[in-house]
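K.L.:
Here is my input, please return the structure:
(chains A and B)
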Amino acid sequence: MDILIVLQAGVATGTILLFATLGGIFSERSGVMNLGMEGMMLIGAMSAFSVATSTGNPWLGLLVAMLAAGLISQVHAFISITLQADQVVSGLSLGFLATGLALVLGEGLSKAGTVPLIPSYTVPLLSQIPIIGPVFFTNQKLLVYLGYIMVPLAWYYINRTRPGLHLRAVGEYPSAADSLGINVYRLRYFYVFVGGLFAGLAGATISLAISPGWFSELTTAGQGWIAIGLVIFAQWDPVRAAVGSYIFGALRRLVLDIQGPNVIFGLANPFYYNPYWGFFLEMLPYAFTIIVLVVGSREAIRKRLGAPTALGVPYIRGERGL
Amino acid sequence: MAESGLPRANWLDRLPYRVMLEPRLKPPSRFFSLMLSFGSVVVALLIGAIVLAIAGGDPWATYAHIVKASFGSVGVLSDTMVKAIPLMIVGLACTLAFRMKLWNIGAEGQFYAGAFGASAVVLAPMLPADAPGWLFIICMVAAGMLMGAAWGFVPGILKARFNVNEVISTLMMNYIAISWNNYWIYAVWTEGGFQMSKVFPKNAWLPRLADYAVEIPFFRGLTTHFGLVLAVIAAVVVWLILYRSQWGYEIRLVGDNPRAAEYAGISIARNTVLVMMLSGALAGLAGMSEITGVVHRLQGSISPGYGFTGIIVAWLAKLNPYAVIPVSILFGALILAGREIQPSGIPKMMNGVILVCLIASDFLLRYRVRLVRRGEEA
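P.N.:
Sure thing, here's the model as predicted:
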């Protein structure tokens, strides 16, 4: 087991979580928590796979996946923003709806044949750097590089641009934003849509690049929920989101790869000789998510950082409150 | 533009009527809220029909089939009840937690944990195989509820101590429970390498109606089991707790207004842990009832998403413990008949559509919608 190869695959796996987490950050920064992430990712994975197999063009699949997930996210936007329903319940219901829809529309898709994949690329020069080169810049899918670009872009957009300022204002203090002429409702709809686009991108990253295919609910295997946990761990910051996503990606790969060789670091590999321990390895990413949440919450209390103030609170014009 | 005289005219402004929303000052009547739930289910069925038609199915034939396959005869009605029993108990688990606005999404995992606990009584074994049936039932109920409570305790204490979002932690516990059960099924209690344990001895089965066919011939072949009694007892207990006890008053107060509850000296942290544990214990009871009443052995995939459907049951029942029972029967029918429907994702999607419509319709409980003629406004 070559540790560099595990890390390289981990970065690729982590890219899925990265896109989903970034989507969650955009939507939550505007004050709307979307628990339907898992369902939206399934919609994305399903439509990407479906379009790519039937047209032979993975990029078209990617585009359709993003739009489809963005579109379905608007169900949550309508219920939680316009109808002012509890965001937890509304997001859950979107999750059920989107998951069911993906299963219905994806029926029989697993036998659809080979899917054209997003191509891989090795960056000339950068791949020569020791350790970093082989892990980050060698033979990675183009979407992985898109992830590298997305992180600073998202950070810059949120923290250094005027639309980013409006985004934060709407999530922190919507009535103040409203009084300055910012349309709170429209912006929240928009950023829920952006969250959907990212979720679709994450789904397409699964089915067209990282682990190609359509395996109904097993396609995402809870990664949407892990991403929601990562948003909290990341303190709604894209850079921390990247760190968390890649660590999680590496962990997920390690869990898969550690059972392969019979000798690790010159010692007999207990996971090779006790294959049933694999069930405990399977638990690790989920247990680790809970640990990460504990760490994130404690840190938030200590540093007095935290969620966008208006997160989860419907904005009702003309009422007291946020 | 032609209508440049009007400032920012859009098509909505040109309609002769305008939609006015008025907040309701007092909650609407029970009848209205019942009709609203009923109406949203009808709307959901219509939306489902459209999707079915688009997916190439015949919606009316499908719906007729669901009704016939789940209520058509005493035999299938009994099978519907079998599917409804775990939903009832899980629905009650969700009702209790949701009443405190504690989003326990982990009923599925607590269900698996309960199934594990009940199985351990037989397979560990904690009781000899020839122990009397009533002793088995008591021990299995206790073990199942204990395991479920343990599974609920973890997210509960994390929420109370570290303010960890319980939606995510309960969900993660689901995946952990399934892996945990799989370990025992594959590695320890496997029967000849198969992915299931050995069948429980007969005295560890919950009694079924069919067991009394000798005395009452009408019961021949009916699979409805003792879990139904457990479910009804659970409904009464949950109702008594929520509406006739001081603890229930605290739970409801925390749910409605946590700040007021805190000023009144109610410990939110303590109630969070206790409610999560009891909610988990109920979901564990559902797992126990399923494993000893239906499956009679420990194996994988014992639940077609009972834990998640329970959320919808609780919501449709408007968090009323007694209403959970009839609502569960409807969803039991959907699960039973849904097994034969193609595409196979239909029941799951219908669950989603129903929940979306229900939650959207809650808006009408809080607001009165009125159409106002434009002239009247001024």
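K.L.:
and B:Arg18, that's in a strand?
P.N.:
Yes: remark: B:Arg18 belongs to a strand, assigned using DSSP: H, G, I helix; E, B strand; the rest coil.
K.L.:
Leaving out chain neighbours, which residue sits closest to it?
P.N.:
B:Val372 (5.1 Å; C-beta to C-beta, 6 or more residues apart in numbering or on different chains). In short, each C-beta sits where N, CA and C put it, glycine included.
K.L.:
Verify the stated contact: the one you found with B:Pro16.
P.N.:
No: the pair B:Val372 / B:Pro16 is not scored as a contact, 10.1 Å apart, by C-beta atoms under 8 Å.
K.L.:
Of these two, which one has the most company?
P.N.:
Taking other C-beta atoms under 10 Å in any protein chain shown, B:Val372 and B:Pro16 do not tie; B:Val372 has more neighbours (11 against 8).
K.L.:
so where do the strands sit in chain B?
P.N.:
Using DSSP state E, the strands of chain B run over B:17-23, B:367-373.
K.L.:
Next: chain A.
P.N.:
Per DSSP E, chain A carries strands over the ranges A:120-121, A:140-141, A:263-264, A:267-268.
K.L.:
Find the nearest non-adjacent residue to the residue most central in space within chain B, please.
P.N.:
By C-alpha atoms, centre = their mean, chain B has its centre lying nearest to B:Gly310, at 0.9 Å. By the measure of C-beta to C-beta, 6+ apart, the closest residue to B:Gly310 outside its immediate chain neighbours is B:Val90, 3.2 Å from it.
K.L.:
measure that neighbour to A:Lys111 for me?
P.N.:
Counting by C-beta to C-beta, to the nearest Å, the gap from B:Val90 to A:Lys111 is 34 Å.
K.L.:
These two: which is more packed in?
P.N.:
B:Val90 (35 against 6).
K.L.:
what about stretch A:87-106 and chain B, any contact?
P.N.:
Yes: residues of stretch A:87-106 contacting chain B under C-beta under 8 Å from any C-beta of the partner chain: A:88-90, A:92-106.
K.L.:
Show me which residues of the stretch 251-378 of chain B sit near chain A.
P.N.:
B:308, B:311-312, B:315, B:342-353, B:355-356, B:358-360, B:362-363, B:366.
K.L.:
are any of these buried, and which?
P.N.:
Applying 16 or more other C-beta atoms under 10 Å in any protein chain shown to these, the neighbour count classes B:308, B:311-312, B:315, B:343, B:345-353, B:355-356, B:358-360, B:362-363 as buried.
K.L.:
Can you tell me which residue of the stretch 101-250 of chain A sits closest to chain B?
P.N.:
Ranked by C-beta to the nearest C-beta, the top residue of the stretch 101-250 of chain A for proximity to chain B is A:Leu103, at 2.7 Å.
K.L.:
Now that residue. Nearest residue, chain neighbours left out?
P.N.:
For A:Leu103, ignoring the flanking residues on the chain, the nearest one in space by C-beta to C-beta, 6+ apart is B:Gly345 at 2.7 Å.
K.L.:
And for A:Trp277?
P.N.:
The shortest distance from A:Trp277 to any non-neighbouring residue, by C-beta to C-beta, 6+ apart, is to A:Phe271 (5.3 Å).
K.L.:
right, and that neighbour touches A:Gly278 too?
P.N.:
Yes: the pair A:Phe271 / A:Gly278 is scored as a contact, 6.8 Å apart, by C-beta under 8 Å.
K.L.:
what touches both of the two?
P.N.:
Taking C-beta atoms under 8 Å, 6 or more residues apart in numbering or on different chains as the criterion, A:Phe271 and A:Gly278 both touch A:Gln259.
K.L.:
For the stretch 101-250 of chain A, list the residues in contact with chain B, please.
P.N.:
Residues of the stretch 101-250 of chain A lying close to chain B (C-beta under 8 Å from any C-beta) are A:101-108, A:216, A:222, A:225-226, A:228-229, A:232.
K.L.:
Can you find the helix or strand of chain B with the lowest average pLDDT?
P.N.:
helix B:374-377 (a mean of 62; mean pLDDT, DSSP states H and E).
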